[in-house]
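[1] sequence plus the predicted model coming up.
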Amino acid sequence: MTAVSTTTCIAPFARVSGCDVQVPLVQGGSCTYANFDYAASAPALATVTDRIAELLPYYASVHRGAGYASRVSTASYEDARESVARFVGADADQVVVFTRNTTDSLNLLAGAVPGDVVVLDIEHHATLLPWKNSRVVVAADTISETVRRLAAELIRKPAALLAVTGASNVTGEVLPIGELAALAHSCGARILVDGAQLVPHRRVDLAADGIDYLAFSGHKLYAPFGAGVLVGRRDWLDTAEPYLAGGGAVREVTIDGAEWACAPARHEAGTPNVLGVAALAAACDTLGGFDTGAAIRHEEELCRLLVDGLSGLEGVEILKLWDDATDCVGIVTFTVAGYEPGEVASYLSAEHGIGVRDGRFCAHPLLARVGRPGGAVRASLGLGSSSEDVDRLIAALQTLIADGPSWTHAKADGVWSPLPETRTGLAQSGEGASQCI
């Protein structure tokens, strides 16, 4: 297997790592990897890896260090807040708190909400589960009726927060954030947007969209180094119990107690992920600097090719919550009649060098809602995607439907794999694999 390289996949938007990496095939030989797994984790932008390489020689613990390396690392860490704030249109009254990922950000906010939280039943588990006092609203068959149901619940009983996903990690469908923000505010509530799938595909502006809190992850934003962020109004975060108790979150400690710092330090106890935060800032600077409209149009064209190709295959069903007119990011989830999702994913990877995601995508109620409680196959697009990748995926599925796999694929410990597995360095079972997939 050749080393991962960095090449231009969608010029002039961005350079993404791994676009021409070669991967082995189970039947022998190799091919260029076709990555359709951006919704899980996106590869690094070249500007991100460049920023990390520049900072690495000066890597040190941030804050309270007099050494030059510590000063450089501290400046990088604090400057990153400005990059993130600028990227999402945060104002001076909003605070940027660095976390591990979107799930971490949502759990942090859950400890700060002074009241009930209204959520939809179709949310990712990270948006559905953290709240102490949640009221779940069942989504309707249309977006307009879903908004009406949320309005009815917010009017029926006051709530502190409306928590919604910006774009579904299963269907790619985008919710009307501006409309929902206005609704929440008219009912005396605030709005949180889980932007994990929205921010990598659409420009989000907290002020213009009326968003009070936004959470997203670096690893989905072409910065796969373990940092996330919560951006939002300061007052709840300044008065909440610290997310973690420890050094850095306090002003003063005595044997009688502690005086906690204000946000963001209040919720960033311990040594932070300096490199991950630098990577996240580099991604924000890069993505904030190019033509978003051109990138969106390119993704929409690829998504149209993908949907059209899948729609023409016998036995393939594309999963949707609402009608085809709903705005979507580049996420298409489908099933193939006669095959389990894991079997399809194993076949695509082992025999064609195509990476997709299979399972329930940590959105079990949504999969049950669309009639696929056992899971599905997800193909997601990003800056490194090309029309050639889409053509390969459609052709591989055509072969599967017409002729079946050329290799044996079997399930062990809940995970599908080719038998025998001839590619080196790969596990042959799902031992230790999470069942919440």
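    Alright, I've got the coordinates. These numbers come from a predicted model, not from an experiment.
[2] domain parsing for the protein?
    22-45+291-418, 47-289 (the TED database).
[3] got these as TSV, with mean pLDDT, distance to residue 426 and mean neighbour count columns?
    The way it works is simple: take the backbone N, C-alpha and C, and place the C-beta from them, glycine included. Converted to TSV, these look like this (pLDDT from 0 to 100; distance: least, C-beta to C-beta, whole Å; neighbours: other C-beta atoms under 10 Å):
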stretch	mean pLDDT	distance to residue 426	mean neighbour count
domain 22-45+291-418	97	8	19
domain 47-289	97	20	20
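[4] so what sits opposite residue 98 in the bridge?
    residue 229 (DSSP bridges).
[5] that one contacts residue 265, correct?
    No - the pair residue 98 / residue 265 is not scored as a contact, 10.5 Å apart, by C-beta atoms under 8 Å.
[6] tell me where the chain has helices.
    Counting by DSSP state H, residue ranges of the helices within the chain are 46-55, 68-88, 102-110, 125-128, 143-156, 177-186, 206-209, 234-239, 274-287, 292-311, 341-352, 364-369, 387-403.
[7] residue 255: which of the ones you listed is closest?
    helix 234-239 (24.3 Å; C-beta to C-beta).
[8] what packs against the closest one?
    Where contact means 3 or more C-beta pairs under 8 Å, 6 or more residues apart in numbering; DSSP states H and E, helix 234-239 is packed against strand 94-99.
[9] what's next to the strand it packs on, contact-wise?
    Strand 94-99 is contacted by residues 80-81, 84-85, 90, 105, 108, 206, 215, 227-234, 237, 263-264, 267-268, 272-273, 277, 280 when judged by C-beta atoms under 8 Å, 6 or more residues apart in numbering.
[10] out of everything not next to it in sequence, what's closest to residue 155?
    Take residue 155 and drop its neighbours on the chain: the residue closest to it by C-beta to C-beta, 6 or more residues apart in numbering is residue 187, 6.2 Å away.
[11] list the contacts of that neighbour.
    151, 154-155, 158-159.
[12] switch to 10 Å and redo it
    118, 150-151, 153-159, 162 (C-beta atoms under 10 Å, 6 or more residues apart in numbering).
[13] can you check residue 63 too?
    70, 73-74, 77-78, 247-248, 265, 268, 271-272.
[14] now for the residues you listed, which pair is the farthest apart?
    78 and 247 (17.3 Å).
[15] give me the nearest residue to residue 37, chain neighbours excluded.
    Nearest to residue 37 is residue 355, by C-beta to C-beta, 6+ apart, at 4.8 Å.
[16] roughly how far does that neighbour sit from residue 348?
    Using C-beta to C-beta, to the nearest Å, one obtains 8 Å as the distance from residue 355 to residue 348.
[17] tell me the residues that contact both of the two, please.
    34, 36, 379.
[18] switch those residues over to a markdown table; also include distance to residue 334.
    Converted to a markdown table, the shared contacts of residue 355 and residue 348 look like this (distance: C-beta to C-beta, whole Å):
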| residue | distance to residue 334 |
| --- | --- |
| 34 | 16 |
| 36 | 11 |
| 379 | 7 |
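[19] before I go, just wanted to say thanks for your time.
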